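Student: I need the structure of the sequence given here:
(chains A and B)
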Amino acid sequence: MEKFITHVGTGVPLRRSNVDTDQIIPAVYLKRVTRSGFEDGLFAAWRNDPEFVLNQPAYKSATVLVAGADFGTGSSREHAVWALQNYGFKVVISSRFADIFRGNSLKGGLLTIILEQSDVEAMWEAIEAEPATPITVNLEERTVSYGAKSLPFAIDDYTRWRLMEGLDDIGLTLKQTDFIDSFEKNRPAYKPATLPIRS
Amino acid sequence: MGKTLAEKIWAEHVVRRADGEPDLVYIDLHLIHEVTSPQAFDGLRLTGRPVRRPDLTIATEDHNVPTIDIDKPIADPVSKLQVDTLRANCKEFGVRIHSLGDKDQGVVHVVGPQLGITQPGMTIVCGDSHTSTHGAFGALAFGIGTSEVEHVLATQTLPLLRPKTMAINVEGTLKPGVTSKDIILAIIAKIGTGGGQGYVIEYRGSAIRALSMESRMTVCNMSIEAGARAGLIAPDQTTFDYIKGKPHAPEDFDAALAYWKTLFTDADAKFDVEVNLNADDLEPFVTWGTNPGQGLPLNGVVPNPADFADTEARTAAERALVYMGLEAGTPLKKIAIDTVFLGSCTNGRIEDLRAAADVLKGKKIASSLRMLVVPGSARVRLEAEAEGLDKVFLDAGAEWRNAGCSMCLGMNPDQLAVGERSASTSNRNFEGRQGKGGRTHLVSPLVAAATALRGTLSSPADL
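Tutor: As a prediction, the model looks like this:
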């Protein structure tokens, strides 16, 4: 995973709440067996509308998505994270994220940042007034800055460290194999197993 | 201070705890399907890692599979590739799989319980948000992303931050015609689609204890629609009786039972939040909008967005009415339906089919609509056929299909057309969920059946 320390880019205002993962990428786009190429399905239904914000030239090269509350609800599909990343997004900002989407994004290196709804709205106004406004995300200092504003955000130390180091979660866990081995030795015998097959 | 049920299960599964790090939690069962696993298996191949515990892993084909002509090759080449990839991965890594045509193929959350592999006190994960279904057995069960699928395949554990706990107390007695689907739709309407974010919900109270196992699964299934990754119900005699006799029920049943009986929230435990709901007052519920929180009793009218005090809710309602093609003030019972879908991990089990068949028996569905009946698993289909339910559905004019997720998410050919309106026993009414431009009203199996007969949203009481 690529290390994430700071990112500077421009933002897209997505003035919608409850953006579920079926909107981020509809099910018909989930059939690939690879991790790439999902950008074609990103907001597929909405992108048919020429007025949709992502279709506006001013926001073409934006890398920070600034969305309404409850972003990423619904299906656990990590394809939603891949679609956003494949399209070019590095950061998503919202006042609330669904739990599974947030977990997926932080595993995959897409930084999801929670700000107050009033801060999200102020940001919408700023990037609507001037789409080229640079937004700086500093994970080390846990701040989002644009114009004269610098907004602090919270993220737990462990996740921040893992993202800044670009570390693979599985590699970290495999260092704890001794703990897993000893846990398994004490698992009760009545716990079910899928093999051998009983019918 | 005592512990809640979720806290007990969590504590029993912590492999390693360290300051400033997430807990490393052991996973008792990993369910797999074709859509969210290919990239995970690819990851294992790239790193040369094996599946740590194939004997705690099970796969089935559900999201993509057709529900007709299942003896023929899958027509969509991309769907076929995904299903073939799952089969090849399971073979290579030694994972048990139930493929199309097998009697234990079906929606992954129907398959686990019917095999008796879902048991109290377990931790259960799957790359599917409706894994919360298994919480009905008093298990801690939740959906994960593909990176986590790979993590569990490789390590049988997950690093997780401890969730907060929420109790939802449902006291009272349901009126006839009101079901567990109506309970959960009412809960979501009350706490909102974000209400459960960060929590594990425990459903409690006399109305919950009175529910059958399958009805409890419907409640826990839609915890995710309330924002909670997991929802559970303390196991009791209903749970134990359901598991007994299932293929993978414990051989030493008494030893398991002794443990299961310890799985309850202690009297002096404290939840972070408690919510109360009166079951006596509940009516059949239906959604009018494009998120599962936008629901009302069936006797109501389409709401006026101007009546929402909250700006966000107002904007969302305005958008929803445009998408749904609905006028504020229209009685919900006047809404004409084109397709009725009976099925899914929410309401595709045998009790759901029995309930709908009871309403349809000896009657014909309205000529203005089609009705798809999709059993949750091949086993449910066989069971229904043994009871003659297939005949009831076919005689009524409905289609009797093979098992799969089908129109719940429209990943296979079972989809709504643009502008088509459904009454669906599934779990999500998102824009385009059942097909691009399709409009979904979430309902119980009883409302689905009554709607099929009348052509407009209806409850059996309207017949």
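Student: where exactly do the strands run in the stretch 301-450 of chain B?
Tutor: B:339-342, B:370-373, B:399-400, B:421-424, B:439-442 (DSSP state E, counting those that start in this stretch).
Student: tell me which residues in stretch B:84-102 are buried?
Tutor: B:85, B:86, B:89, B:90, B:93, B:95, B:96, B:97, B:98, B:100 (16 or more other CB atoms under 10 Å in any protein chain shown). Placement of C-beta: from N, CA and C, glycine included.
Student: oh, I was asking about stretch A:133-147
Tutor: A:135, A:137, A:139, A:143, A:144, A:146.
Student: Chain B: which of those residues is nearest?
Tutor: The shortest approach to chain B among the buried residues of stretch A:133-147 belongs to residue A:139, at 16.9 Å (CB to the nearest CB).
Student: Take the buried residues of stretch B:84-102 and keep only those in strands.
Tutor: Counting by DSSP state E, the buried residues of stretch B:84-102 place B:96, B:97, B:98 in strands.
Student: Spit out the contact partners of the last one.
Tutor: Contacts for residue B:98 (CB atoms under 8 Å, 6 or more residues apart in numbering or on different chains) come out as B:58, B:59, B:60, B:61, B:104, B:105, B:106, B:111.
Student: Which helix or strand contains residue B:187?
Tutor: Residue B:187 is part of helix B:180-191, with elements assigned from DSSP states H and E.
Student: Quick one: mean pLDDT over the very next helix or strand once past that helix.
Tutor: Remark: after helix B:180-191, the chain's next helix or strand is strand B:199-204, criterion DSSP H and E. Strand B:199-204 carries an average pLDDT of 98.
Student: confidence score at residue B:257?
Tutor: Predicted confidence (pLDDT) for residue B:257: 98.
Student: Identify the residues contacting the helix or strand containing it?
Tutor: Secondary structure assigned from DSSP H and E places residue B:257 in helix B:253-260. For helix B:253-260, contacts defined as CB under 8 Å, 6+ apart pick out A:188, A:189, A:190, B:119, B:120, B:121, B:138, B:235, B:239, B:240, B:244, B:250.
Student: quick one, what contacts the last one?
Tutor: With contacts defined as CB under 8 Å, 6+ apart, the neighbours of residue B:250 are A:190, A:192, B:119, B:256.
Student: Compare those and tell me which is most surrounded.
Tutor: Within the contacts of residue B:250, most neighbours by other CB atoms under 10 Å in any protein chain shown means residue B:119, with 29 neighbours.
Student: That one contacts residue B:246, correct?
Tutor: No - with contact defined as CB atoms under 8 Å, residue B:119 and residue B:246 do not form a contacting pair (9.3 Å).
Student: Could you count how many residues lie near residue 59?
Tutor: Just going to use chain A. Neighbours of residue A:59 (other CB under 10 Å): 20.
Student: could you do chain B instead?
Tutor: For residue B:59, using other CB under 10 Å, the count is 25.
Student: what's it in contact with, if anything?
Tutor: The neighbourhood of residue B:59, defined by CB under 8 Å, 6+ apart, consists of B:31, B:32, B:33, B:37, B:86, B:90, B:95, B:96, B:97, B:98.
Student: right, and the strands of the stretch 301-450 of chain B - which one's nearest residue B:382?
Tutor: strand B:399-400 (12.2 Å; CB to CB).
Student: and for that closest one, what are the contacting residues?
Tutor: Residues outside strand B:399-400 that contact it (CB under 8 Å, 6+ apart): B:370, B:371, B:372, B:373, B:390, B:393, B:394.
Student: Show the buried residues in those residues.
Tutor: B:370, B:371, B:372, B:373, B:390, B:393.
Student: Double-check the last one against residue B:357; I have them as touching.
Tutor: Yes - using CB under 8 Å, residue B:393 is in contact with residue B:357, at 6.5 Å.
Student: ok, residue 110 - how many residues close by?
Tutor: No chain in the question, so chain A it is. Neighbour count for residue A:110, taken as other CB under 10 Å: 22.
Student: my question was about chain B
Tutor: Applying other CB under 10 Å, we find 28 residues neighbouring residue B:110.
Student: Report the separation between it and residue B:201.
Tutor: Distance check for residue B:110 against residue B:201: by CB to CB, to the nearest Å, it reads 21 Å.
Student: Also residue A:27?
Tutor: For residue A:27 relative to residue B:201 (CB to CB), the value is 26 Å.
Student: Which residues are in contact with residue B:357?
Tutor: Shown in contact with residue B:357 (CB under 8 Å, 6+ apart): B:384, B:389, B:392, B:393, B:449.
Student: would you list every one of the helices in the stretch 351-463 of chain B?
Tutor: B:378-386, B:389-396, B:445-454 (DSSP state H, counting those that start in this stretch).
Student: Does the biggest helix by length in chain B reach chain A?
Tutor: As assigned by DSSP state H, the longest helix anywhere in chain B is helix B:77-93. Yes - contact of helix B:77-93 with chain A (CB under 8 Å from any CB of the partner chain) involves B:78, B:79, B:81, B:82, B:85.
Student: from these, which would you call buried?
Tutor: Neighbour counting over the residues of helix B:77-93 next to chain A (16+ other CB under 10 Å) leaves B:79, B:81, B:82, B:85 as the buried ones.
Student: among the residues you listed, which two are most distant?
Tutor: Greatest spatial distance among these (CB to CB): B:79 and B:85, at 10.6 Å.
Student: before we move on, back to that, may I ask which two of the contacts of helix B:253-260 are separated the most?
Tutor: Farthest pair in these (CB to CB) is A:189 and B:239. Separation: 20.2 Å.
Student: Between the two, which is the more surrounded one?
Tutor: residue B:239 (20 against 10).
Student: No further questions, thank you.
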